[in-house]
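> pasted the sequence and its predicted model underneath.
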Amino acid sequence: MDSLRIRRPDDMHLHLRDGAMLRAVLPATARVFGRALVMPNLVPPVALPREAAEYRDRIYAALGPGTGFRPLMTLYLTEETRPADLQAAHEARLVTAVKLYPAGATTNSASGVRDMDRVRPALETMARVGLPLCVHGEVTDPDVDIFDREARFIEEVLDPLRRAVPGLRVVMEHVTTKDAVDYVSGQRDMGATVTPQHLMLDRNAMLVGGVRPHYYCLPILKRREHREALRAFAASGDPRLFLGTDSAPHPTGAKEAACGCAGCFSAPVALGCYAQVFDEMGALGHLEAFASENGAAFYRLPPNEGTVLLERTEAARIPPPLEVDGDTVTVFDPGRAPGWQVKETA
Ligand code: DOR
Ligand code: ZN
């Protein structure tokens, strides 16, 4: 098979930022994806319905006319979030999900949640009205090793939370471990996303022979056996798993620094990267469900109209860095050109 036409996909986990960065990175996503679930970790965070509406309008303004792309907005859960605001934002179809960042877990998460008991009323309201929760699944205890933080989150936070609030639909974002795969498999009311970098790379790629800051993201890349578990889960066609790039642009200077930022800017090459992984696994037949159906079904949205045509190629190249505000944004390069690229959209 040298080309593959699939229904237009959705990116169910995306960082678009704001201002000049938003204008620079948005076209790469809007060209390929029909919709994207837009993360709310701006500074200050998108925590109120009014802020989500204003951010949505800035995204549409940056998009310009003539594209069918639709941002799906999220709200940032804080200990001050009012349950009635969540219900109203859901009923107005303003937001598609609410994002839980444990305080301090990652970029711009300082306003996140410290005490899960303080958000229980918000979670109960979400379960009642059918508004899903997206979680950044890492504990933040400084004594827990960074490579163990996802597994510990499942045991200490996620499973107790799901037992305490039955019926709450939860997406475990950017899964990185066999522990996450084992937990999500077979569960009701659960979804999961996985990034290109976690399917393609393990921690050796980031750390052997020199440190590669453009592979540094959170949750951090894990050892090989975890990557193998993620690839097998994707190749199994499990309907709980769907596409969420976690494409997270930072200025190149902020990544190639003594204390570099976490995030891989993968949007321009992401769909080709996923296609390469599914191809390597002999699972191209499951790519369309992963990219274009499972996420929409989880969020109870109709699938997109339109298609994208992917082609197998030896000529794919990683695009040059984007110019933004006197710096650049470096595009994620998995180390070998992806074997697939988007040829056209219809
Ligand atoms: O690597 C990451 N970058 N992980 C996150 O959870 C946040 C993201 C960002 O916003 O830069
Ligand atoms: Zn993210």
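Perfect, I can see it now. Ligands and ions are numbered 1, 2, ... in the order given.
> run through the residues of the stretch 151-300 of the chain sitting next to ligand 1.
217-218, 248, 262-263 (CB under 6 Å from any ligand atom). Where C-beta positions appear, they are placed from N, C-alpha and C, glycine not excepted.
> nearest to residue 97 among the residues you listed?
Of all these, residue 97 sits closest to residue 248, with 17.2 Å by CB to CB.
> per-residue pLDDT, the closest one?
pLDDT, residue 248: 98.
> again, but for residue 200
So residue 200 comes in at 98 (pLDDT).
> pretty sure it sits against residue 275.
No - using CB atoms under 8 Å as the test, residue 200 is too far from residue 275 to be in contact (11.6 Å).
> hang on, residue 194 packs against residue 175?
Yes - counting by CB under 8 Å, residue 194 touches residue 175, with 5.5 Å between them.
> what residues are shared contacts of the two?
The overlap between the contact sets of residue 194 and residue 175 (CB atoms under 8 Å, 6 or more residues apart in numbering) consists of residue 230.
> contacts for whatever helix or strand residue 51 lives in?
Using DSSP states H and E, residue 51 falls within helix 49-63. Residues outside helix 49-63 that contact it (CB under 8 Å, 6+ apart): 16, 18, 22-23, 26, 30, 38, 40, 42, 46, 69, 71, 73-75, 85, 88-89, 92, 94-95.
> may I see the buried residues of that helix?
Across helix 49-63, burial judged by 16 or more other CB atoms under 10 Å covers 49, 51-52, 55-56, 59, 62-63.
> next one: stretch 1-19
Buried residues in stretch 1-19, counted by 16+ other CB under 10 Å: 4, 6-17.
> so how far is the helix holding residue 51 off the chain centroid?
Helix 49-63 sits 19 Å away from the centroid of its parent chain (CA atoms, centre = their mean, to the nearest Å).
> please save the CA atoms from it in CSV.
The C-alpha trace of helix 49-63 is given here as CSV (Å, rounded to 0.1, in the frame of the first residue of the first chain):
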residue,chain,number,x,y,z
PRO,A,49,-16.1,30.3,30.5
ARG,A,50,-15.6,33.9,29.4
GLU,A,51,-11.9,33.3,29.0
ALA,A,52,-12.5,30.2,26.9
ALA,A,53,-14.9,32.2,24.6
GLU,A,54,-12.4,34.9,24.2
TYR,A,55,-9.6,32.5,23.4
ARG,A,56,-11.8,30.7,20.9
ASP,A,57,-12.4,34.0,19.2
ARG,A,58,-8.7,34.7,19.0
ILE,A,59,-8.1,31.3,17.5
TYR,A,60,-10.8,32.0,14.8
ALA,A,61,-9.2,35.4,14.2
ALA,A,62,-5.8,33.9,13.7
LEU,A,63,-7.3,31.3,11.4
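> right, and the helix or strand after it?
Downstream of helix 49-63 (by DSSP H and E), the next one is strand 70-76.
> got the angle for that next one vs helix 49-63?
Strand 70-76 runs at 150 degrees relative to helix 49-63, counting by axes from the mean of the first three to the mean of the last three CA atoms, to 10 degrees.
> neighbouring strands of strand 70-76 in the sheet, and parallel or not?
Strands that pair with strand 70-76, judged by DSSP bridges, come out as strand 35-38 (parallel), strand 95-100 (parallel).
> who's in contact with that strand?
Counting by CB under 8 Å, 6+ apart, 10, 12, 16, 34-41, 45-49, 52-53, 55-56, 59-60, 81, 85-86, 89, 94-99, 101, 111-112, 134, 299, 301 sit against strand 70-76.
> these two touch, right, residue 161 and residue 117?
No - the criterion here is CB under 8 Å, and residue 161 misses it with residue 117 at 10.4 Å.
> with neighbour numbers in mind, choose between the two.
Taking neighbours as other CB atoms under 10 Å, residue 161 and residue 117 compare with residue 161 leading, 19 against 9.
> quick check: that one is in a helix.
Yes - assigned with DSSP: H, G, I helix; E, B strand; the rest coil, residue 161 falls within a helix.
> contacts only, for the residue nearest to it when sequence neighbours are not counted.
Leaving aside its sequence neighbours, residue 161 sits nearest to residue 116 (CB to CB, 6 or more residues apart in numbering; 6.3 Å). By CB under 8 Å, 6+ apart, the contact list for residue 116 reads 157, 160-161.
> let me know the closest of those residues to residue 270.
residue 157 (28.1 Å).
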